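K.L.:
Whatever this is, show me its structure:
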Amino acid sequence: MSARSNAAAALTATGLAVVAASAMLHAAGEVLLRNDFIELLRNRVTIDADFLIDAVHDGPNRIGTSSLDGDLHVAGRSPQVRLPMVMELANGRLNAVAGVEQQMTQNQGKTVHVSGVWRLWMEHKSVKAMTQGKKVVPPTKSKTNPKHVFEIHPMTIFAGTPVLETFMPVRNDKDPSNHYDATAAATAFARYEKAKLTVSRTAVFTSINGPQTPFNYTEFILEVAGLRQDVPDGAFVDAKIFDLQEHPLVSDPRRMVLVKDTRPATKIGTAALGTRIRVLGIPRINLNDVARKVSAGQKGIVVPGAYEMIILAVIE
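P.N.:
Numbering: from 1, shown residues only. Next up, the predicted model:
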């Protein structure tokens, strides 16, 4: 049985045990993840999932500044994830993915197999706790962007069709002069660094809570600071972080997330120590860091700097 099938079977078997095992952890706005799910993902770049499409946005975001990023939002549910979630196709205004966007709309109400970068982030958190394994209902408000902390973003494969060409600077093929301005690195990383997590862990669940934190996309300069760690679906590289004027922004290196067979993986994965590269990145919670720092039985542990950067594009 595949790892994906094992995860789905484990989550399906929760029932009343989910409620009983997680009750001691509940707090406003937290997410409770099963420990076996964390183990599955902590050193993986992507996730494979069967995804029931509930709603597809009527088109990609416009391209402008910050959240006007060209992404196409899709809301749905997955037996492998068992949390409120969305999926996002990056660079949705490329001509190359127009056919995939049409397939998404045509498959509303159906289940398709997808792959993409898993992303846990406290950007659209609910005031209520979200417990993995509890029944997820279709969104009724903000249908393509319901309250959620888990995403597949960026997507890499939709129903067998790869979309790795989206791992490039945000662009509008119908209007090449349409320029995207990501959030300034100094602004974004100040918030990422400030967003400390509070973590508790039982034998079954890990509770993760933190402040609502904005700024999906930011453009920055990374400096390779460690050896590449290869995994089946990509690689991780520790890097120092600088703004575009090459001023340092963090005190310690952060982990960069590189998707296999993309331009960022090729460029950064082969770079020598000390190489500086300008990139566009997206933050996610570093579950490997969380799992290393909090053991079963510990409660209310504050974990600073527990994020890593998904690299969408190299800026050349």
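K.L.:
And Y217, how far from G116?
P.N.:
16 Å (CB to CB, to the nearest Å). Heads up, the C-betas are built off the backbone N, CA and C, glycines and all.
K.L.:
likewise F150?
P.N.:
Taken as CB to CB, the span from F150 to G116 is 12 Å.
K.L.:
in its sheet, what does the helix or strand where I47 lies sit against?
P.N.:
Element membership of I47, judged by DSSP states H and E, is strand 46-56. Looking at strand 46-56 with DSSP bridges, its partner strands are strand 72-77 (antiparallel), strand 111-124 (antiparallel).
K.L.:
for the stretch 1-150 of the chain, what spans make up the strands?
P.N.:
Ranges of strands in the stretch 1-150 of the chain, per DSSP state E, counting those that start in this stretch, are 31-34, 46-56, 72-77, 85-89, 111-124, 130-131, 148-158.
K.L.:
Which one of those strands lies nearest to Q298?
P.N.:
strand 31-34 (14.9 Å; CB to CB).
K.L.:
I'd like the distance from the closest one to the chain centre, please.
P.N.:
Put simply, strand 31-34 sits 15 Å off its chain's centre (CA atoms, centre = their mean, to the nearest Å).
K.L.:
Now do that strand, average pLDDT.
P.N.:
Mean per-residue pLDDT for strand 31-34: 98.
K.L.:
Check stretch 247-267 too.
P.N.:
Per-residue scores along stretch 247-267 average to 98.
K.L.:
which one of the strands paired with strand 46-56 lies closest to F189?
P.N.:
strand 111-124 (14.3 Å).
K.L.:
Which positions in the closest one come out as buried?
P.N.:
112, 114-122, 124 (16 or more other CB atoms under 10 Å).
K.L.:
Turn those residues into JSON lines, including pLDDT and distance to A182.
P.N.:
Formatted as JSON lines, the buried residues of strand 111-124 follow (pLDDT from 0 to 100; distance: CB to CB, whole Å):
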{"residue": "V112", "pLDDT": "98", "distance to A182": "30"}
{"residue": "V114", "pLDDT": "98", "distance to A182": "25"}
{"residue": "S115", "pLDDT": "98", "distance to A182": "25"}
{"residue": "G116", "pLDDT": "98", "distance to A182": "20"}
{"residue": "V117", "pLDDT": "98", "distance to A182": "17"}
{"residue": "W118", "pLDDT": "98", "distance to A182": "21"}
{"residue": "R119", "pLDDT": "98", "distance to A182": "16"}
{"residue": "L120", "pLDDT": "98", "distance to A182": "21"}
{"residue": "W121", "pLDDT": "97", "distance to A182": "16"}
{"residue": "M122", "pLDDT": "94", "distance to A182": "19"}
{"residue": "H124", "pLDDT": "89", "distance to A182": "19"}
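K.L.:
Now for the residues you listed: which two are most distant?
P.N.:
Greatest spacing in the buried residues of strand 111-124, by CB to CB: V112 and M122 (27.5 Å).
K.L.:
circling back to that earlier point, can I get the strands of the stretch 1-150 of the chain in JSON lines with distance to E165?
P.N.:
As requested, the strands of the stretch 1-150 of the chain are arranged in JSON lines below (distance: least, CB to CB, whole Å):
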{"stretch": "strand 31-34", "distance to E165": "32"}
{"stretch": "strand 46-56", "distance to E165": "16"}
{"stretch": "strand 72-77", "distance to E165": "14"}
{"stretch": "strand 85-89", "distance to E165": "11"}
{"stretch": "strand 111-124", "distance to E165": "14"}
{"stretch": "strand 130-131", "distance to E165": "33"}
{"stretch": "strand 148-158", "distance to E165": "11"}
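K.L.:
what's the offset of stretch 197-206 from the middle of its chain?
P.N.:
With CA atoms, centre = their mean, you get 20 Å for stretch 197-206.
K.L.:
Can you get me the start-to-end distance on it?
P.N.:
12 Å (CA to CA, to the nearest Å).
K.L.:
Can you list the buried residues in that stretch?
P.N.:
197-202, 204-206.
K.L.:
Also stretch 286-302?
P.N.:
Within stretch 286-302, judged by 16+ other CB under 10 Å, the buried ones are 286-291, 293-294.
K.L.:
which among those residues gets closest to N61?
P.N.:
Using CB to CB, those come closest to N61 at N286, 26.3 Å.
K.L.:
Grab the nearest non-local neighbour of the closest one.
P.N.:
E308 (4.3 Å; CB to CB, 6 or more residues apart in numbering).
K.L.:
Next, the angle strand 148-158 makes with the helix or strand containing the one you found.
P.N.:
Assigned by DSSP H and E, E308 belongs to strand 307-314. Strand 307-314 runs at 30 degrees relative to strand 148-158, counting by axes from the mean of the first three to the mean of the last three CA atoms, to 10 degrees.
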